[in-house]
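**Student:** quick one, structure for this:
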Amino acid sequence: MLSVALCSLLPFILSANALKLDLARVAAASSSVNNNLINKYNVRYTTNITISGRVVNVVLDTGSTDLWVMPPDGLPAFKDTGINTKIVYGNGYDYVAGDIGTGEFQLDSYIIPNQAFLKVNDASAAEQGDFQLGIYGVWGLGFNTPGSSRINDAVTQAYGSSATWGQSALANIFAQDPTKADYIAISLSRNGDSAGSADASLAIAEYDTHYTQVANAPRLSQSPPGSGSWTVTLDSISVGGKKLNWPTTLQNVPRGKNIVAVDTGTTNAMLPAAQIAAIYGSIPNAVFAANAQLRIPQTQYSSTTGVWVVPCTASISVSLTFGGQTFPIHPLDMTDIQIVASPDGKSQYTVCIGSFTDVGTIVSGFSDGLVGDSFLRNAYTVFDFATGGNVPPGTTPFVQMLSVTDATKAQADYLSVRRALLRSYPPELSPAQFVQIFG
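**Tutor:** Coordinates of the predicted model:
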């Protein structure tokens, strides 16, 4: 979920009819790794923080920087600075607004006595969709560069550059121990698979003990340097082993490659319409249904109302390559299974749709596309700010990733899970039947 300063997107609104599975898995890792990373139905990854005396469940978002909360029971120890601001996401329709204040921030053993954040008193309908899940805020894990943080910019303007309490909570955690390198490492779980995905974990300045090999992974430098976001170079996307044609829209990008944002706050992956069509159009009998979002409960954001409808057990093999490493995507992360009501409301059907959606112009000017949770469930990912410890000054921030998906096992897992669900769900509509019934 990237901030509007970074040309970002709207978060989804959870449909009441969306598939609901187990709420959470927690990390089975060392005690210093946060073991309270919560998977909310594969669409939001959250943790509990304590801010101004209140425990609040917040989204972990590498696509933004600011911390904001709107707990239903208020904040008993909120200290108002007298500054108000508005954080806008996407095309301007999604926002939160309120008062900048300070309070004690706590995450496990990390405590910041005086941390700036936004106490929200007005939120768009999109954000209120998260409230239905018990999520009452966002913890931005992005950069403090000018323009990336509305809170830090406002505090600096009012109090001067020495007011470090205005910078992000993550930056203030890093500042507590300058001898350590400044990075975070994240693993996202997948609810509903039978093989067992990676456990969900968040580590600060260390790795989950299961994935220490990530230290040897290629460094994917922020591209371009100083972009103010977690944008990196993507070598290629392959569908069925064949490289996808995807011309970049940006300057100074190596031939045949693309720039993508890596964003834990976005549910899915977002690519241009032509590349989405190439992926799902390769599936036999798949159909593009224009305006289908008006009829299908959506858990994914798209810049258009059309979706690809696919057979629910269709085989699909997609992989992304970064830094010469190939990352297979679990087929369960490529399509969503949904229950839809007939136009007269008398019948229910099952339909499967593509989870990769049209990015439109949302990221124009700073990246070609975006890889969110549907990709990140397939990798253990390190976001390194290249500061702190013994890091040489001027080092470019970078991302490192370790593949956690076995393509062969994932295909078998996908078929097992889908077939089991279809046995208990309403009758499946083929893509052609969907178009015939819903137009």
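
**Student:** from one end of stretch 98-114 to the other, what's the distance?
**Tutor:** End-to-end distance for stretch 98-114: 18 Å, by C-alpha to C-alpha, to the nearest Å.

**Student:** contacts for it?
**Tutor:** Stretch 98-114 is contacted from outside by 32, 34, 36, 47, 49-53, 67-68, 70, 75, 77-85, 115-122, 151, 154-155, 165, 169, 172-173, 176, 204, using C-beta atoms under 8 Å, 6 or more residues apart in numbering. (Glycine included, C-beta is placed from N, CA and C.)

**Student:** give me the buried subset of these.
**Tutor:** Among those, those buried by neighbour count (16 or more other C-beta atoms under 10 Å) are 34, 36, 47, 49, 51-52, 67-68, 70, 75, 78, 81, 83-85, 115-120, 151, 154-155, 165, 169, 172-173, 204.

**Student:** the residues you listed in strands, which ones?
**Tutor:** Of these, the ones assigned to strands by DSSP state E are 47, 49, 51, 67-68, 81, 83-85, 115-120, 204.

**Student:** out of those, which one sits closest to Ser229?
**Tutor:** Nearest to Ser229, judged by C-beta to C-beta, of these is Leu67 at 17.0 Å.

**Student:** how far off centre is stretch 418-429?
**Tutor:** With C-alpha atoms, centre = their mean, to the nearest Å as the basis, stretch 418-429 stands 28 Å off its chain's centre.

**Student:** swap in stretch 84-104?
**Tutor:** Distance, stretch centre to chain centre, for stretch 84-104: 19 Å (C-alpha atoms, centre = their mean).

**Student:** state the mean pLDDT of that stretch.
**Tutor:** Model confidence over stretch 84-104, given as mean pLDDT, is 89.

**Student:** next: stretch 382-395.
**Tutor:** The average pLDDT within stretch 382-395 is 94.

**Student:** how about it as CSV, C-alpha atoms only?
**Tutor:** Extracted C-alpha coordinates of stretch 382-395, given in CSV (Å, rounded to 0.1, in the frame of the first residue of the first chain):
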residue,chain,number,x,y,z
VAL,A,382,15.0,-8.8,3.6
PHE,A,383,14.6,-5.0,3.3
ASP,A,384,18.0,-3.4,4.1
PHE,A,385,18.2,0.3,4.5
ALA,A,386,22.1,0.1,4.1
THR,A,387,22.7,2.2,7.2
GLY,A,388,23.9,1.4,10.7
GLY,A,389,26.6,-1.0,11.8
ASN,A,390,29.6,-1.2,9.6
VAL,A,391,27.8,-0.3,6.4
PRO,A,392,29.9,2.1,4.3
PRO,A,393,28.3,5.5,3.9
GLY,A,394,26.6,6.0,0.6
THR,A,395,25.6,2.3,0.2
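
**Student:** which residues does that stretch contact?
**Tutor:** 62, 141, 143, 174, 177-186, 205, 207, 214, 217, 219, 230, 262, 396-401.

**Student:** ok, of the residues you listed, which come out buried?
**Tutor:** Neighbour-count burial (16+ other C-beta under 10 Å) applied to the contacts of stretch 382-395 gives 62, 141, 143, 174, 181-186, 205, 207, 214, 217, 230, 262, 397-401.

**Student:** can you say which helix or strand has Ser303 in it?
**Tutor:** Per DSSP states H and E: Ser303 is located in neither a helix nor a strand.

**Student:** quick one: it from Pro225, how far?
**Tutor:** Ser303 is 28 Å from Pro225, where distance means C-beta to C-beta, to the nearest Å.

**Student:** which residues in the stretch 251-400 of the chain form helices?
**Tutor:** 273-280, 373-376 (DSSP state H, counting those that start in this stretch).

**Student:** now, the buried ones among the contacts of stretch 382-395 that are in strands?
**Tutor:** Counted as lying in strands by DSSP E, out of these, are Ala181, Asp182, Tyr183, Ile184, Ala185, Ile186, Val262, Phe398, Val399, Gln400, Met401.
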